[in-house]
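Enquirer: Sequence and predicted structure are below.
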Amino acid sequence: MNPIEPCDAAGEKSMVILQSLLCLLREKNLLSRADIEELAAKVASRAADRDHDPLPCQSDAAIAAASEMNRLGAYIGGRYGGKHRRM
């Protein structure tokens, strides 16, 4: 029987899976750089306006997610290139 993992370990595994999925989708041109930038903007808006967020989450987690999404977007943009989103 497997022991129950701490929440942080499960969160780290999920993060690795999601990062890998975003990279794979971008590599196969199923996501554009603009799509990833739009996703980063939506995550940042959730972090900035947590009171009106339809899907409530912890404020620290939302801020950390926005930071991670910016970092990931910069990495994917540098690695795979593509056009930026229009403002």
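Expert: Looks like it came in fine. Residues are numbered from 1 along each chain as shown.

Enquirer: give the contact list for the spatially most central residue of the chain.
Expert: Closest residue to the average C-alpha location of the chain: Met69 at 4.0 Å, with Cα atoms, centre = their mean. Listed by Cβ atoms under 8 Å, 6 or more residues apart in numbering, the contact set of Met69 reads 39-40, 43-44. Placement of C-beta: from N, CA and C, glycine included.

Enquirer: Relative to Asp60, which of the residues you listed is nearest.
Expert: Val43 (13.9 Å; Cβ to Cβ).

Enquirer: okay but Arg46 is in contact with Asp53, surely?
Expert: Yes: in this structure, Arg46 is within contact of Asp53 by Cβ atoms under 8 Å, at 5.2 Å.

Enquirer: can you give me how far stretch 68-80 is from the chain middle?
Expert: Stretch 68-80 sits 10 Å away from the centroid of its parent chain (Cα atoms, centre = their mean, to the nearest Å).

Enquirer: ditto for stretch 22-34
Expert: On Cα atoms, centre = their mean, the centre of stretch 22-34 falls 13 Å from that of its chain.

Enquirer: of the contacts of Met69, buried ones?
Expert: Among the contacts of Met69, those classed as buried by 16 or more other Cβ atoms under 10 Å are 40, 43-44.

Enquirer: now those in CSV, with secondary structure, pLDDT and distance to Leu24?
Expert: Output for those, formatted as CSV (DSSP: H, G, I helix; E, B strand; the rest coil; pLDDT from 0 to 100; distance: Cβ to Cβ, whole Å):
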residue, secondary structure, pLDDT, distance to Leu24
Ala40, helix, 92, 18
Val43, helix, 88, 19
Ala44, helix, 90, 23
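
Enquirer: Thank you, goodbye.
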